[in-house]
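Novice: okay, predicted coordinates and the sequence, questions at the end:
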Amino acid sequence: MLGLYSVAGQVLLLRELVSSFNGDELFIGWALFGWLLAVALGSYLGGRLERKVSAAWLFVVGAVLLALMAPAVRLCPLLISDVVGQVTPFGTAAVLSTLSMLPIGLISGWLFAVLAREGWRTEDAIVTIYLWEGLGAFVGGVMIALLVGGLMSNLTLTLSLAVLVVVSVLLIRYDQRPGTTWIIITLALPLLSGVYAVTAGLDEALDRIKYPGYQVLKSFDSHYGRHSLVSRDSVLVLLTDNKAEAALPDVETAENLLIPPLLCRPEARDVLYFGRGEFGPAQLATVFPELRITAVDPRRFLGEAVDDVTPFIGAISRQTDDPVSYLADRAGHEWYDVIIIDAGEPDNYRTGRLLTSEFFARARGLLNENGLLVIPTGYDTDRYVTDETAAILSLLRNSLAASFENVVLWPGAPTIIMASPTTVGSLEVDGILQRLESLGYEPVYLNESYLLDRLNEFKIDRLNHALSDVHRTNSVERPLLTHLHGLYRSHGGFDQTVLSLCQQRPYGMLIVVAPLLGVLAWTALGRARRRRFGLFLYLTAGLVSIALELLSFYVYQTTAGSLYAEIAALVGAFMLGLAGGTYYARKLQSRHLEYPALVVLLCAVAVFLLTWQRVDWQVALAYHLMFLFVVALATGSLFVAATNRYYEERPLANRGAGYAVELAGSALGALFTLTLLLPMVGITWLLIILGAVLLTALVGAVCTEYCY
């Protein structure tokens with residue numbers, strides 16, 4: 001029950017926070033950091049409390065709080081602004097997320113300490129609770145991943161689980177008959193169905209409060225976020241994670257997508273478009289009937305929802321597939337004249353992976369000899385070019401230049417980037433206007449007067465001159481674009497300070513090194529160094545395991561493509577391995593479990609470092625499943641070893657302390673892995689750092705055992 005409650009509190013509440021505050025990796029890392037620290041604090045304080053508290057009532061209070069917090073978090077943006085789709089500053093979102101996570105996290109940690117205190121032998125009690133928590137987290141994590149966005153909304157499942165936990169705990173607490181478990185199982189499905197029926201309209205009701213002045217047509221969760229289709233003044237607006245993603249009709253956007261590439265390639269016929277086709281090129285598809293447009297987007301439910309509220313316009317082919325998988329699957333079999341990457345704001349790695357040098361190289365493989373790659377960016381260079389805009393456009397230009405001989409930027413709002421293996425075409429205004437007349441379509445926005453102003457020689461020269469000379473690229477190895485975009489979107493203060501840190505490669509690492517060295521020195525010195533070094537092993541287990549888990553998710557998503565069912569399998573493999581490692585190590589009852597556990601983790605890091613770039617996308621899922629399972633096996637064993645060390649000589653010590661330290665390590669790993677260190681140093685150096693932490697733990701374990 002603890003594992004199920006903990007993963008529900010973490011994942012479901014985190015999804016609500018992300019959907020309310022336009023969450024990107026920086027925000028997600030901070031929210032996880034806050035959650036894990038809250039659980040660690042609850043575990044430590046719960047272990048120190050002398051007064052006995054009923055675990056049953058803690059479960060009930062926690063479930064009620066979870067049911068109340070979920071809708072409250074949904075409406076949190078109204079505390080900041082009532083402007084629909086306005087992006088919440090990172091600093092504000094971080095504070096609100098920490099406060100939202102605090103009560104549920106404290107109770108989750110407190111429950112671990114209370115349940116562990118009920119055991120007779122300290123090591124057995126702590127390890128047993130950790131084992132069952134892992135099994136519960138496995139069941140809960142896979143269940144949430146499969147249900148949310150498919151059969152249930154995030155809010156409905158949150159309320160359903162809260163009701164189910166309360167009923168189950170009360171039945172077990174007050175009904176000691178042998179058949180109580182079967183009563184709970186029998187009641188579970190009708191109980192969940194009843195809650196589902198009652199809460200079915202709650203999502204739309206909350207959205208009507210959240211988006212005043214708009215008619216809410218659809219409100220639902222998908223595997224890729226929270227979506228709302230709202231309407232006002234005959235305009236349909238798609239909101240994804242509380243951010244305006246697209247509008248219909250929007251002829252200006254449609255013209256910026258199709259007219260520029262047709263002016264450079266009037267002979268183009270086959271067009272591949274990455275994005276929501278019904279909001280983009282479909283609006284002009286009937287104007288250019290000779291074009292064969294294929295739109296690729298993995299969100300099938302979103303397409304069905306749009307079709308329900310507005311008739312599908314335009315003769316385009318929609319493909320429900322992940323963009324990375326689509327390119328890899330069709331390499332050498334299909335070719336296009338134009339590829340348009342309309343990825344939206346690159347404020348997260350899932351979007352930013354479509355703007356990496358690796359993705360551009362794959363896209364070139366599907367282009368004809370004289371093909372054209374087009375990227376309509378969201379950056380305005382019409383009147384002036386800011387330093388942040390120049391840095392982003394330079395990064396994109398350099399990333400394209402690795403695969404394309406010619407890269408051209410059109411200034412304006414938005415700035416458009418075009419690349420070709422041959423030549424993009426002349427930007428001389430006279431030639432562009434002649435091609436415009438031959439299109440057979442009179443643009444509403446990209447008309448002659450607008451193009452004369454947009455392609456002014458002065459504006460083109462100013463843009464090219466503003467681009468940085470730094471030869472950095474946005475790659476899977478070191479994804480810089482997401483954080484540069486965050487810096488572009490920030491408004492100074494805390495946001496800018498944190499995001500600027502990601503660009504200061506050599507100095508930010510000291511933030512991680514300093515506390516680790518402090519804990520290492522304190523645990524490795526003194527008379528009780530063997531016992532106290534167990535705390536450093538706890539810290540290592542938490543930090544390294546979550547860092548490798550997040551890194552594996554990132555690599556799989558960016559190199560092979562990610563559907564939500566596959567991510568559920570990856571989470572399941574990790575949690576199952578964690579429970580399996582804990583169970584096996586507990587059975588062994590060895591005094592030196594830390595040595596093989598640390599060696600296995602070191603080997604896993606080394607193998608991943610040498611092979612992650614060489615794995616074929618067709619076997620990537622099996623590769624990452626095996627990697628995460630092995631890492632989790634070793635982590636479970638290391639937790640048991642740390643418990644044996646720390647509690648061996650002090651069986652009455654705080655039973656929540658070791659778990660709290662492990663969670664503190666996980667909090668550091670969650671915050672620094674993808675949020676700061678990945679864009680700062682890249683995958684290779686990040687793995688080397690993790691390997692150094694493991695090697696330090698191994699040497700420290702030997703020295704504190706045998707050196708006097």
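Specialist: Good, I have the coordinates.

Novice: so which strand or helix has Leu45?
Specialist: Taking DSSP states H and E as the definition, Leu45 sits inside helix 25-48.

Novice: what's the lengthiest strand in the chain in contact with?
Specialist: Criterion DSSP state E: the longest strand present in the chain is strand 367-376. The contact list for strand 367-376, computed with CB atoms under 8 Å, 6 or more residues apart in numbering, reads 256-257, 260-261, 264-265, 268, 270, 335-343, 355, 360, 363-364, 396, 400, 404, 414, 416-422, 424. (C-beta placed from N, C-alpha, C; glycine too.)

Novice: keeping just the C-alphas, turn the following helix or strand past the helix holding Leu45 into CSV.
Specialist: With elements assigned by DSSP H and E, the helix or strand that comes after helix 25-48 is helix 55-74. C-alpha atoms of helix 55-74 as CSV (Å, rounded to 0.1, in the frame of the first residue of the first chain):
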residue,chain,number,x,y,z
ALA,A,55,-0.2,4.0,10.0
ALA,A,56,-3.9,3.5,9.1
TRP,A,57,-4.8,7.1,9.9
LEU,A,58,-1.8,8.4,8.1
PHE,A,59,-2.9,6.6,5.0
VAL,A,60,-6.4,8.1,5.4
VAL,A,61,-5.2,11.6,5.9
GLY,A,62,-2.7,11.3,3.0
ALA,A,63,-5.4,10.0,0.7
VAL,A,64,-7.8,12.9,1.6
LEU,A,65,-5.0,15.4,1.1
LEU,A,66,-4.1,13.9,-2.3
ALA,A,67,-7.8,14.2,-3.4
LEU,A,68,-7.9,17.8,-2.3
MET,A,69,-4.5,18.9,-3.7
ALA,A,70,-5.1,17.6,-7.3
PRO,A,71,-7.9,20.0,-8.2
ALA,A,72,-6.3,22.8,-6.2
VAL,A,73,-3.1,22.5,-8.3
ARG,A,74,-5.2,22.5,-11.5
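
Novice: could you check the angle helix 55-74 makes with the helix or strand containing Asp203?
Specialist: Here Asp203, judged by DSSP H and E, is contained in helix 202-210. Orientation check (axes from the mean of the first three to the mean of the last three CA atoms, to 10 degrees): helix 202-210 against helix 55-74 gives 50 degrees.

Novice: what sits up against helix 202-210?
Specialist: Counting by CB under 8 Å, 6+ apart, 71, 74-75, 77-78, 153, 155-156, 159, 216, 219-221, 228, 230, 242 sit against helix 202-210.

Novice: one more time with 7 Å, if that's ok
Specialist: Contact with helix 202-210 is made by Pro71, Arg74, Leu75, Leu78, Ser153, Leu155, Val216, Ser219, Phe220, Ser228, as judged by CB atoms under 7 Å, 6 or more residues apart in numbering.

Novice: and those, which are buried?
Specialist: In these, burial by neighbour count holds for Pro71, Arg74, Ser153, Leu155, Val216, Ser219, Phe220, Ser228, counting by 16 or more other CB atoms under 10 Å.

Novice: surely the second one is in contact with Leu17?
Specialist: No. Arg74 lies out of contact with Leu17 (CB atoms under 7 Å); the separation is 9.6 Å.

Novice: list the ones among the contacts of helix 202-210 that fall in helices.
Specialist: Mapping the contacts of helix 202-210 onto helices (DSSP state H) picks out Pro71, Arg74, Leu155.

Novice: which of those lies closest to Asp250?
Specialist: Nearest to Asp250 out of the ones in helices among the contacts of helix 202-210 is Arg74 (CB to CB; 27.0 Å).

Novice: how about the strands in the stretch 101-250 of the chain?
Specialist: 215-222, 225-232, 235-240, 243-248 (DSSP state E, counting those that start in this stretch).

Novice: quick one, helices of the stretch 201-350 of the chain?
Specialist: In the stretch 201-350 of the chain, the helices defined using DSSP state H, counting those that start in this stretch lie at 202-210, 251-264, 282-285, 300-309, 323-330, 349-352.

Novice: alpha carbons only: can I get the first one in PDB?
Specialist: These are the backbone C-alpha positions of helix 202-210, laid out as PDB (Å, rounded to 0.1, in the frame of the first residue of the first chain):
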ATOM      1  CA  LEU A 202     -14.900  17.400 -13.300                       C
ATOM      2  CA  ASP A 203     -12.100  18.100 -15.800                       C
ATOM      3  CA  GLU A 204     -14.400  20.300 -18.000                       C
ATOM      4  CA  ALA A 205     -15.800  22.000 -14.900                       C
ATOM      5  CA  LEU A 206     -12.400  23.000 -13.700                       C
ATOM      6  CA  ASP A 207     -11.400  24.200 -17.100                       C
ATOM      7  CA  ARG A 208     -14.500  26.500 -17.300                       C
ATOM      8  CA  ILE A 209     -13.200  28.100 -14.100                       C
ATOM      9  CA  LYS A 210      -9.600  28.200 -15.400                       C
END
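
Novice: how deep is the closest residue to Ile546 other than its chain neighbours tucked in, by neighbour count?
Specialist: Spatial nearest neighbour of Ile546, excluding adjacent residues (CB to CB, 6 or more residues apart in numbering): Gly669 at 4.0 Å. Per other CB atoms under 10 Å, the neighbour tally for Gly669 reads 29.

Novice: which stretches of the stretch 251-400 of the chain have low pLDDT?
Specialist: 312-314 (pLDDT under 70).

Novice: ok, now with 80
Specialist: Within the stretch 251-400 of the chain, the stretches with pLDDT under 80 are 310-315, 332.

Novice: tell me the spacing between Ala391 and Ala244.
Specialist: Between Ala391 and Ala244 the computed distance is 25 Å (CB to CB, to the nearest Å).

Novice: so those two - more neighbours on which side?
Specialist: It is Ala391, of Ala391 and Ala244, that has more neighbours when counted by other CB under 10 Å, with 21 against 14.

Novice: and the helix or strand hosting the more buried one, what other elements does it pack with?
Specialist: Ala391 belongs to helix 387-401 when assigned by DSSP H and E. Using 3 or more CB pairs under 7 Å, 6 or more residues apart in numbering; DSSP states H and E as the contact test, the elements touching helix 387-401 are helix 357-364, strand 406-410, strand 416-420, helix 481-489.

Novice: direction included, what does the second one pair against?
Specialist: Translated: strand 406-410. Sheet pairing here is set by DSSP bridges, and for strand 406-410 it gives strand 416-420 (antiparallel).

Novice: so which residues make contact with the strand it pairs with?
Specialist: With CB under 7 Å, 6+ apart as the test, strand 416-420 has contacts from 256, 260-261, 264, 371-377, 396-397, 400, 404, 406-410, 424.
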